[in-house]
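Chemist: here's my sequence, what's the structure:
(chains A and B)
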Amino acid sequence: MISLLLILLPILTGSLLLLLKGKGSIWLALISAMAELGITIYALLNFDPLGGFQYVWDYAWIPDLGMAWSFGVDGVSMVMLLLTNILIPLIILSQIGRKIENHHALVGLALIMQGALIGVFTAMDTIVFYVFWELALIPVYFIAGLWGGQERIKATLKFFIYTLFGSLLMLAAFVFLLGSDIIINQLDGISLILSHKVEMFIFWGIFMAFAIKIPIFPFHSWQPETYTQSSTTGTMLLSGIMLKMGLYGILRWLIPLAPNASAFYANLIITLSIIGVLYASIIAIKQNNIKRLLAFSSMAHVGLIAIAFFTGTLAGWQGGVFQMFTHGINVVGLFLVADILIEKTGVTDIRKMGGIASNAPKLAILFLLLVLGSVALPLTDSFVGEFLMFSGLFKWNMWAMIITGTSVIFSAVYMLRLYQKTMFGVVNENTKNVTDISWNELLVLSICSGIMLFLGIFPNALMQVSNPVLEQILSNFSRF
Amino acid sequence: MESILSMIILLPLLGFVFTGLLRNKLSKNILGIFSSGTILIAFGLAVKLFFTLTGSVQKSFNHTYFDWIKAGDIVIPFNIQLDPLSILMTLIITGIGFLIHIYSIGYMHEDEGFGRFFAYLNLFIFFMLLLVLGGNLLITFIGWEGVGLCSFLLIGFWFKTPEYNAAAAKAFIMNRIGDLGLLAGMFLILFHFGTLNYPELFVKIQAFQNIDILSLIALFLFIGAIGKSAQLPLYTWLPDAMAGPTPVSALIHAATMVTAGVFLIARFNVLYNLTPMVQHLICYVGIITSIFAGIIGLKQTDIKKVLAYSTVSQLGLMFLAIGTGAYGVAMFHITTHAFFKALLFLTSGSVIHGMHGEQNMIKMGGLRKLMPITWASMLIGSLAISGIPPFAGFFSKDQILAVVYAHNPVLFALAFVASMITTFYMFRLMFLTFSNAFRSDEGVKSKVHESPLIMTVPLGVLAILSIIGGFMGVPAILGGNNNFMHFLAPVVGEMHHPEIPHNIEMMLMGVAVLGACFFIGLSFYIYRINKLIPSDDTKSMNPIAKLVYNKFYLDEIYNVIIIKPIKTASYVFYEFIEKYVIDFAVNGVAKIVNLSGVMIRILQSGSLSAYLFIMVFGILVFLVLQGFVFN
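Modeler: Numbers count the residues shown, from 1 in each chain, chains lettered A, B, ... in the order given. Next up, the predicted model:
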């Protein structure tokens, strides 16, 4: 029942909020999100990492085709639930006090999206997974398209069509598999004997959907513009949670459904991803638009997670799942800072900012912490994730790790540049009136940095949730 | 013992949190005293541990707090290691660190960022202690990157100046290049040995047969050391790092952080003993860097830059020693160098403080009478670095020369040259700064003053250490029993006495001392008697002088071969590939879809005859196909 509750609560509250206007709406949204977080924590406390799928809820849908509304939570899902349900309240909280038109509708859509995301992360049936996958696209389409910059319509439409195209390929693959009764069963995994040709077809169908969503080079071109143009809420939802759907999908569906094909194409995909990581890192070096810079940096970080998954190493998987969480927290914090800076200075170009540290010391300190997390300094959580992922890649190939490792140097280049251009230097026309952050922004950024440091020192607190199930999945597909 | 160790590490962290949070609420004196106090207590505890350790039979303690990272077969505990090597470094860090804290109370007193400065300084000490006390390579790495962060924050401490920010970023980024090497080395170790814990790791390394793998690991770790310890080709960040406040240069960029690379290799002595190829490489990198940096130092006019190049040069000598396998000797030089280089930097800070921010030696001169204590301290430091007996540098430098001679006489000759260059430019600095007439206008002169007691007392302590510090390790040939080497022996092995006859060793010592005296004399003749004043004007220089003055154009070369290409790539990727190639392809697909829509629409004309025609045509095609192809 908990799974169902987690899905329905935000969708119902969200729908209600679309209709309700007024000042209290955002607080209602916050209460709903906090309740959701509370339920998640309750579920976590009663969760057995070794116990496979838990909180399972089943209801036959089209029995002839083996389709059922079935949801459940295992270790990997649990990490994603935590990520989603921690970030949504933070995102709502961060926007309190902002003058946003139809704010009630914005938070309502965000909650509906939350429900859809939970559906994606708990679905145990391919078609159900697909349904929620598409459902999540609808609210974010409106969030990105209705609130945001001038070019947002064009960017959002591109994003929508592009990802929809990928999803349809995935649907084709899933429909093809219908009748073979694929419901993930944790204990014996998906034991499906597909012919070689069929498996290749299935692989590409599903992979394209994920590759576009993550995004993997060269299917990324929707991403920078969408992040740059859409509203901050939209950017946070997309970068913090939504792109993790693709990464999650790789572990949950792609590799188990098409293990041979995954192994077969691993080299190709790792190579593409390495190119993507370096490509995005190098582009980020010279970007001046703060949001676009962060968009490319995010693409580089996420590319590394995709690499780690396709190395098929335990360290890579564990580091990757951990990093999905840490990246989400970090990138939401960074986009919030970007939003605050744009809001306060009225410009998006980092060359036109400067000297903000003198006027806003709290912001300067918290921003510094987030930057350190982004460059994966030890004692931040991203370091643990990157360390494990790189060690997985190293096992795969030493030189590939060293070449990809240069992204660590590049990340220092562009993140320090970002920090110094905005925070350091002398105050100018745009930044002379900048004031320090408000209480809710302070709270959100402190929570993000707090989680970052806590998990940097005690990564096991989170890793122990997902590790057993990852070991399990990997051992089922030892040939991969 | 663990609780004392934990306190030593946590006290500076406490100081950081305290001064960081209350930096705007408390007075500068309270902040300064609290911050220095935590370091003093840590030093006291370290002294206590030192005596515990010397009195104990067991020489190595490894304590685990908890498992930090646990993922599959990778288990990395959060542990610390106490042994002679780590306690030596701890004593240096907290001891020198405390003196520099005290000095900073005076030096930074007028600065609005006073509290922030002390917070950073304490954080640095915390990370540096983690670096040396880490019980496995990853804990050392936390400290390693952490000190890099503090270095970044402190170089760019006056963050309103863009050049300082550039210097700070440069330091961090160049260190990261080395760190990538260290990271690769760590993965190679994990892959082959399955552990990063020092005690187990060293046992496994000794039993390991594959020299190629060991050499690769040794090489990767050395790349990390090159970045941190500012050796060729990654040294250019250190001279720029002088943008930071002078106490920072003394603590981080002379006495402690930059020696971390030497420390790392000493820590891995077991590994390097098995990889002679890499040892040779270390020797050459060390000696080339030492001479190269020394030559550049000859032409510098900024007082701190001279000292910066001298630091690079001295670090080169340490690497030279460590490359010959004389880990104890290198650690000894780290120790004495920490005394006299901290002293030299702090005295230069005193000069800058007295001159109200002036760093150019061309504008100084005649400061001896105006700043007598500073002058005396600087003189002691210069004599120590030149290796004049009985000052501290004499003992450590002499032993480096002896082990290098035993290793390879050619390297000895080069090391001798490097050493003479050092002597020459140090006294050039002395005479330019303190002798002859004052070279700025009278208005400046009237304001020049000796530094306050809070700055001169630390100078005094360091001066005493620079005088007597060498007696910790008096070699057998001078009638000592080299306590220093015996103390470190449990970690780095008993030092093999250089296999050269005593009379030759005496002769080497004599040559070194006489040489130093000669170059002091030469410097005296040129800069004191002939009163030569170097010029900043590059036009009048001959090509070689110009080349040296411009530091062999290394920064410019890096700019052309590395930085420019990456920036160009960044531009091309975004403006061309991203916008035209990739987007063109994506939009192209969309256009094809669109176009096929247009084409297909033509067929839907609504004209019955056209449909009939297409139908008949289609049937015909099928018939033809059936008739010809499928039969």
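Chemist: quickly find the element holding the closest residue to A:L90 other than its chain neighbours.
Modeler: In space, and not counting its chain neighbours, A:L90 is closest to A:V444: 5.0 Å by C-beta to C-beta, 6 or more residues apart in numbering or on different chains. Quick note: C-beta positions are derived from backbone N, CA and C, even for glycine. For A:V444, the host element (DSSP states H and E) is helix A:439-457.
Chemist: per-residue confidence averaged over that helix?
Modeler: On average, the pLDDT along helix A:439-457 is 94.
Chemist: ditto for stretch B:80-99
Modeler: On average, the pLDDT along stretch B:80-99 is 94.
Chemist: what residue ranges in the chain score low on pLDDT?
Modeler: With no chain named, the answer covers chain A. Applying pLDDT under 70 to chain A flags residues A:66, A:179-194, A:477-480.
Chemist: could you do chain B instead?
Modeler: B:495-499, B:628-631.
Chemist: just want the most central residue of it.
Modeler: Nearest to the geometric centre of chain B sits B:V258, at 2.8 Å (C-alpha atoms, centre = their mean).
Chemist: next up, the contacts around that one.
Modeler: B:K228, B:S229, B:A230, B:L238, B:I252, B:T311, B:L315 (C-beta atoms under 8 Å, 6 or more residues apart in numbering or on different chains).
Chemist: off-centre distance for stretch B:477-488?
Modeler: 28 Å (C-alpha atoms, centre = their mean, to the nearest Å).
Chemist: buried stuff in that stretch?
Modeler: Counting neighbours by 16 or more other C-beta atoms under 10 Å in any protein chain shown, one finds that the buried residues in stretch B:477-488 are B:I477, B:L478, B:N482, B:F484, B:M485, B:F487, B:L488.
Chemist: show me which of these neighbour chain A.
Modeler: The subset of the buried residues of stretch B:477-488 within reach of chain A, by C-beta under 8 Å from any C-beta of the partner chain, is empty.
Chemist: where does A:W61 land in three-state SS?
Modeler: With DSSP: H, G, I helix; E, B strand; the rest coil as the basis, A:W61 sits in strand.
Chemist: returning to what we had before: now the contacts of B:V258 as a markdown table including neighbour count?
Modeler: Converted to a markdown table, those look like this (neighbours: other C-beta atoms under 10 Å in any protein chain shown):
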| residue | neighbour count |
| --- | --- |
| B:K228 | 28 |
| B:S229 | 29 |
| B:A230 | 29 |
| B:L238 | 27 |
| B:I252 | 27 |
| B:T311 | 29 |
| B:L315 | 31 |
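Chemist: re earlier: out of the buried residues of stretch B:477-488, who's nearest A:A136?
Modeler: When those are compared for distance to A:A136 (C-beta to C-beta), B:L488 wins out at 61.7 Å.
Chemist: any idea which helix or strand carries that closest one?
Modeler: helix B:483-492.
Chemist: what distance separates that helix from the centre of its chain?
Modeler: 24 Å.
Chemist: how about stretch A:303-323?
Modeler: Relative to its parent chain, stretch A:303-323 has a centroid offset of 14 Å by C-alpha atoms, centre = their mean.
Chemist: report the buried residues of the top helix by length along chain A.
Modeler: Using DSSP state H to define each element, chain A has its longest helix at helix A:314-345. Neighbour-count burial for helix A:314-345, counted by 16+ other C-beta under 10 Å, picks out A:314-342, A:344-345.
Chemist: restrict the residues you listed to those near chain B?
Modeler: Applying C-beta under 8 Å from any C-beta to these, those adjacent to chain B are A:L314, A:A315, A:Q318, A:G319.
Chemist: might you report the residue contacts of the nearest residue to the last one once chain neighbours are set aside?
Modeler: In this structure, A:G319 finds its nearest non-sequential neighbour in A:L388, 2.6 Å apart by C-beta to C-beta, 6+ apart. Neighbour list for A:L388: A:A308, A:A315, A:G316, A:Q318, A:G319, A:G320, A:F322, B:I69, B:A71, B:I74 [criterion: C-beta under 8 Å, 6+ apart].
Chemist: kindly reformat those as a markdown table containing distance to A:I39.
Modeler: Output for those, formatted as a markdown table (distance: C-beta to C-beta, whole Å):
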| residue | distance to A:I39 |
| --- | --- |
| A:A308 | 30 |
| A:A315 | 32 |
| A:G316 | 31 |
| A:Q318 | 26 |
| A:G319 | 28 |
| A:G320 | 26 |
| A:F322 | 23 |
| B:I69 | 30 |
| B:A71 | 28 |
| B:I74 | 33 |
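Chemist: which phi and psi does the residue nearest to A:G319 have?
Modeler: phi -70, psi -40 (degrees, to the nearest 10).
Chemist: could you do A:A211 as well?
Modeler: Per degrees, to the nearest 10, the backbone of A:A211 is at phi -60, psi -40.
Chemist: check contacts around it.
Modeler: Here A:A211 is in contact with A:G166, A:F219, A:G246 (C-beta under 8 Å, 6+ apart).
Chemist: thinking again about what came up before, hang on, isn't the residue nearest to A:L90 packed against A:G333?
Modeler: Yes - counting by C-beta atoms under 8 Å, A:V444 does reach A:G333; the two are 7.5 Å apart.
Chemist: after the helix holding B:L488, next one along is what?
Modeler: helix B:502-523.
Chemist: before we move on, the earlier item: what about the residue nearest to A:L90, distance to A:L293?
Modeler: 21 Å (C-beta to C-beta, to the nearest Å).
Chemist: next, the buried residues of stretch A:380-393.
Modeler: A:380-393.
Chemist: so how far is that stretch off the chain centroid?
Modeler: The chain centroid and the centroid of stretch A:380-393 are separated by 17 Å under C-alpha atoms, centre = their mean.
Chemist: using PDB, write down the CA coordinates of it.
Modeler: This file holds the C-alpha atoms of stretch A:380-393, laid out as PDB (Å, rounded to 0.1, in the frame of the first residue of the first chain):
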ATOM      1  CA  THR A 380      32.000  15.700  -0.200                       C
ATOM      2  CA  ASP A 381      29.700  12.900  -1.300                       C
ATOM      3  CA  SER A 382      30.500  13.300  -5.000                       C
ATOM      4  CA  PHE A 383      34.100  12.300  -4.300                       C
ATOM      5  CA  VAL A 384      33.000   8.900  -3.000                       C
ATOM      6  CA  GLY A 385      30.800   8.400  -6.000                       C
ATOM      7  CA  GLU A 386      33.400   9.500  -8.500                       C
ATOM      8  CA  PHE A 387      36.100   7.500  -6.800                       C
ATOM      9  CA  LEU A 388      34.100   4.300  -7.100                       C
ATOM     10  CA  MET A 389      33.000   5.000 -10.600                       C
ATOM     11  CA  PHE A 390      36.500   5.800 -11.700                       C
ATOM     12  CA  SER A 391      37.800   2.600 -10.100                       C
ATOM     13  CA  GLY A 392      35.200   0.700 -12.100                       C
ATOM     14  CA  LEU A 393      36.300   2.400 -15.200                       C
END
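Chemist: residues contacting the residue nearest to A:L90?
Modeler: A:V444 neighbours (C-beta under 8 Å, 6+ apart): A:L90, A:L93, A:S94, A:G333, A:L336.
Chemist: roughly how far apart are the closest residue to chain B within the stretch 201-350 of chain A and B:D73?
Modeler: Closest approach of the stretch 201-350 of chain A to chain B (C-beta to the nearest C-beta) occurs at A:L314, with a separation of 3.7 Å. Look at A:L314 and B:D73: by C-beta to C-beta, they are 7 Å apart.
Chemist: what does A:Q318 give?
Modeler: From A:Q318 to B:D73 the distance is 11 Å (C-beta to C-beta).
Chemist: what is the subsequent helix or strand relative to the longest helix seen in chain B?
Modeler: For chain B, the helix with the greatest residue count under DSSP H is helix B:162-193. Next helix or strand after helix B:162-193 toward the C-terminus (DSSP H and E): helix B:198-207.
Chemist: good, wrapping up.
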